[in-house]
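Asks: sequence? don't have it. structure:
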C-alpha cells in the first residue's frame, strides 16, 4: 500500500508540475508546437486562437499578424480558422545543420491590444537523407611488415539527419585480412578504424579491395558505401610525427578571407619517397570544409570564407600526415572564433499606433518594439533611448521587447504630430547603433472654447439706416481642429424698449456679421447693448460670449419746433395765435417777447439760431441770434403802425440745415384802452359784415364770466385750505419735480410784463388751467430748450422764494424756486393751487381771439 501511495504521489506531482509549466507559459504568452520537416505549404501547426482564448471575430478586429525573426517567414495565421500554418517547405538540415534540436521562433502580435505572444515551433527530423562518405574511393597504403592488429583511421559517414535517423551501423566486407573497429568517444561521436587482422604479403597480393557500408536507423533504413583499396608496400621504417598532438587557435571573426589560420607540421625520419609527407583532413564537418582549406604539401590551413561568430564559434578538425610508405600520424586542430562588434542592434516595430487622441491617459502604449543584437557579451548588450524632448517614455518589457508609452497628456494645439526617434546602441567599442522613427498624429478633442478677437465690440450706427445694413462683424477663433473648430454665432436674449432684441438686429451664424433689421431713430433709441455667443461644433459644444455696444449717431432729421408763439390756426378769420404788447415809450433794447424753440436732434444738429426774416417795420425790432429774444432796436415812432407782424426764422446747424418759422404780433399801445381798441379794430377788419359793437358785447360777457369764475375759485381755495393739513405729511418740503408737462403749456410773459410795467402791475399768464404747478424755465437764458429734460435732474420750481413778490404766492405740493439768472418765467397754473396774483392773461389757443383782462382794473374797481 505504501508503494502504491508513493507511486500516486509522484504522478500527482508530475501533473502539478505540468500545470505550473502551462500556467507559466500562459502568463508569459508563450506557445510551443512541433511539426515534421518537409511538410507541404499550408500544413497545420497549431490552433493559436484556441490556445490563446481568442475569438475569431476578435482576431480580425485586433489586427493579428505573425512575425518571424529571420528573413523568411515560415508561418502564418489563417484568418478564418485561427490556425498557425506553414508558408514554406521547411528543411531541418538546412536550417539547423549543427544543432541537435531545431526550433523556429515566431511572434503573434495583436496590434489592437499591443500584446505579443511568442511561439516556438520545433522542427522534428524525418529520415530524408542517406549516409554518405566524403570520399567514395579511399586508398590506404600499408607496408608488408605491418604487424597484425595495427589500426588505421577511416573517415566517418555523414548523415544530415539526427537522432535515430543518423548513422547507426558500419559494415566492412571484401577481404579476410581486415576488420572494422568502431569506437564511441565521450561526446557520443564514433571513430572508425581499419584493423589489420592478418599479416600482409606483397608477393601474394599487392592490392586488397574492401567495401565500407554505413546504415542509419530510419524506417526504412538508408545506406551509403565507400570503396577502400589497400596497397601493400615494401618496408617503411619511420612514420610521420606531428610537432603537436593538438593545435588550438583563437581568431577574430573579422579576419580577412585568404588569411592563414594555422600551419600543422609533421616530420619523417625516412628519406626519399618514404619521407615525403602529405596532409589531409580526415575528420571535419561540412561547414568547416566550406570555410577552411588545408594545403596538402605545407599543412597550412587558410580561410576561404568569412567567419561569423553568430554562425559558429568553434570548429574542430583532424589532420593526417602520411608519408610515401603509407605510414601516418594524426593531430587535432581546434579553431575558436572570438566575437567582434560587427552587428548593429536591429529595431523591429512589432506594432504601433499612427493616431492617438490628445486626451489619452499617461502611460498609453503607442508602439511595441523588438530590439536584437546578434553579437555576444558586451557587444550584444543593447541600450535604448528616445531622441529629443518628447512626451513619451521607453519601457523595457519582457525579454528584448520595449514599449513606447505616453509620459503626460498631449496637447494637439501645441504639437499636432510627433516623429519619435528610437535609438538602440550596443556596448561595443566603438558602439554600433541603429534607429527607428515612429510617426504619430495627435487627434483633436474639443477642449478649447472659441476666443473672440476683441474683448468687446462697439460700432457707431447712423440713424435712419437702411434695414438690413451691415453694422459690424465679430470674429472668434477656436484652437481645436475640424468640426471642433467650426464656430457658429448666435444672438443673446434681450429686449430694447420692450421689444425683443432679435427684432432690431440679427447675426449671421457662419460669418458673425451683425445686421440691423430696422431703421434706428436716435430720438427713440440712442444705444443698444447686446451679447453675441460663439459656439463650436464639438460634442459637447463649448462657447464664449462677447459684449457688443451699438451707438446710434444722430442725424439732422428733425426741424426745429417752435414752442412759443404757438402756431396760428389754418382757419381764416380765427384770430391770432398770440399777441405781445410793447409800449410806445419803450427804450431801445427793451424786451418785447421771446421765441422759444427746441430741436429733437442732438449736438450740432440741435444748436439753434434765430433771425428776423420779415417785419412790418424792418428797423423797429431785432432778434437775438442765440437767445431768440425780440427786443426794440429804436424808439417807436408815431408813424409806426400800432400792430407789428414779425416773422422769425429758427435754423439748426445740421447739414443740410433745417428751419421753422414763428409769426409774432406785437401791439404798440400805451394803455389797455388802446389795446382793446386796436384789437376791436382788428376784429372789425377781420369780419367787416359784423356790427362794430359785437366785440364790446363779447368783452362784457367775458368780464362777467371771469368774475364768476374768480368767486368760485375763492370758495374752492377756502375748501382746499381745510384739506391742507391732510396733505402736509405727504408733500416734500424741499423740492419736487415736474415731469411729463407738454411743451405747449409754457408761455412767455416778457412782452406782457413790459407793457404792464408802466402801470405798476404784474401779470401772470397761463395757457391751460389744468396744472397745479409753477416752474421757472431752467434753460430760458440759453439758446434752446432741451427736447426732454434728463430724468435724474428735476426741473427747478418757484415758491417760497424771498425774492418773489409778496402779493404773488402760489400754494401747492411743490415750492417755487428761482432759476438763477434767467429772467423769463414760465407758469403752469391750476385753479386749486393759486391764491392771489396781480394779473391774468387768457390765451385761447386754436385760433380764438386773445382776450386780455386786466386784473388790475378789477382790483381798482372793487378796492382790493
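Replies: The structure has been received and is ready for your questions. Only a predicted model underlies this, so the values are computations on that prediction, with no experimental measurement involved.
Asks: I'd say residue 308 and residue 252 touch.
Replies: No - the pair residue 308 / residue 252 is not scored as a contact, 11.4 Å apart, by C-beta atoms under 8 Å. (Each C-beta comes from the backbone N, C-alpha and C, glycine too.)
Asks: what touches both of these two?
Replies: Listed as contacting both residue 308 and residue 252 by C-beta atoms under 8 Å, 6 or more residues apart in numbering are residue 337.
Asks: And the pLDDT for residue 759?
Replies: Looking at residue 759, its pLDDT is 35.
Asks: one step back: residue 308 and residue 252: which is more packed in?
Replies: residue 308 (17 against 12; other C-beta atoms under 10 Å).
Asks: that's a helix at residue 483, yeah?
Replies: Yes - assessed with DSSP: H, G, I helix; E, B strand; the rest coil, residue 483 lies in a helix.
Asks: Could you check how far the closest residue to it other than its chain neighbours is from residue 371?
Replies: Leaving aside its chain neighbours, residue 483 sits nearest to residue 537 (4.4 Å; criterion: C-beta to C-beta, 6 or more residues apart in numbering). From residue 537 across to residue 371, the span is 44 Å (C-beta to C-beta, to the nearest Å).
Asks: Give me the more crowded residue out of those two.
Replies: Shown here are residue 537 and residue 371; by other C-beta under 10 Å, residue 371 has more neighbours (21 against 16).
Asks: if I read this right, the more buried one contacts residue 383, doesn't it?
Replies: No - counting by C-beta under 8 Å, residue 371 stays clear of residue 383, with 9.4 Å between them.
Asks: Name the residues contacting each of the two.
Replies: The contact lists of residue 371 and residue 383 share residue 424, where a contact means C-beta under 8 Å, 6+ apart.
Asks: for residue 303, what are its contacts?
Replies: 255-261, 291-293.
Asks: Now, of those residues, which are buried?
Replies: 255, 261, 291-293 (16 or more other C-beta atoms under 10 Å).
Asks: any chance of those in JSON lines, plus distance to residue 410?
Replies: Below are these laid out as JSON lines (distance: C-beta to C-beta, whole Å):
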{"residue": "255", "distance to residue 410": "52"}
{"residue": "261", "distance to residue 410": "58"}
{"residue": "291", "distance to residue 410": "54"}
{"residue": "292", "distance to residue 410": "58"}
{"residue": "293", "distance to residue 410": "62"}
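Asks: roughly how far is stretch 705-724 from the heart of the chain?
Replies: In terms of C-alpha atoms, centre = their mean, to the nearest Å, the centre of stretch 705-724 is set 82 Å apart from its chain centre.
Asks: same question, stretch 200-216
Replies: 93 Å.
Asks: Could you tell me how far the residue nearest to residue 483 is located from residue 698?
Replies: From residue 537 to residue 698 the distance is 83 Å (C-beta to C-beta).
Asks: One more: residue 421?
Replies: In terms of C-beta to C-beta, residue 421 sits 114 Å off from residue 698.
Asks: Check the gap between the nearest residue to residue 416 once chain neighbours are set aside and residue 366 for me.
Replies: The shortest distance from residue 416 to any non-neighbouring residue, by C-beta to C-beta, 6+ apart, is to residue 442 (5.6 Å). As judged by C-beta to C-beta, residue 442 and residue 366 stand 11 Å apart.
Asks: buried sites along stretch 97-113?
Replies: So for stretch 97-113, counting by 16+ other C-beta under 10 Å, buried means 102, 104, 106-110.
Asks: Same question for stretch 267-278.
Replies: 268, 270, 274-275, 277-278.
Asks: Let me see the ranges of the helices in the chain.
Replies: Assigned by DSSP state H, the chain shows helices spanning 2-27, 48-52, 56-61, 92-95, 286-291, 672-686, 694-722, 724-727, 750-756, 855-862.
Asks: Quick check, central residue of this structure?
Replies: Nearest to the geometric centre of the chain sits residue 480, at 2.1 Å (C-alpha atoms, centre = their mean).
Asks: gap between it and residue 703?
Replies: For residue 480 relative to residue 703 (C-beta to C-beta), the value is 90 Å.
Asks: Please apply the same query to residue 413.
Replies: 93 Å.
Asks: Likewise for residue 333?
Replies: From residue 333 to residue 703 the distance is 163 Å (C-beta to C-beta).
Asks: between the two, who's got more neighbours?
Replies: residue 333 (25 against 14).
Asks: what's near enough to touch that one?
Replies: With C-beta under 8 Å, 6+ apart, residue 333 has these contacts: 246-247, 249, 262, 264, 301, 316-319.
Asks: ok, of these, which one's closest to residue 56?
Replies: residue 316 (51.6 Å; C-beta to C-beta).
Asks: Excluding chain neighbours, what is closest to the closest one?
Replies: residue 334 (5.2 Å).
Asks: Compute the distance between that neighbour and residue 128, please.
Replies: With C-beta to C-beta as the criterion, residue 334 and residue 128 are 31 Å apart.
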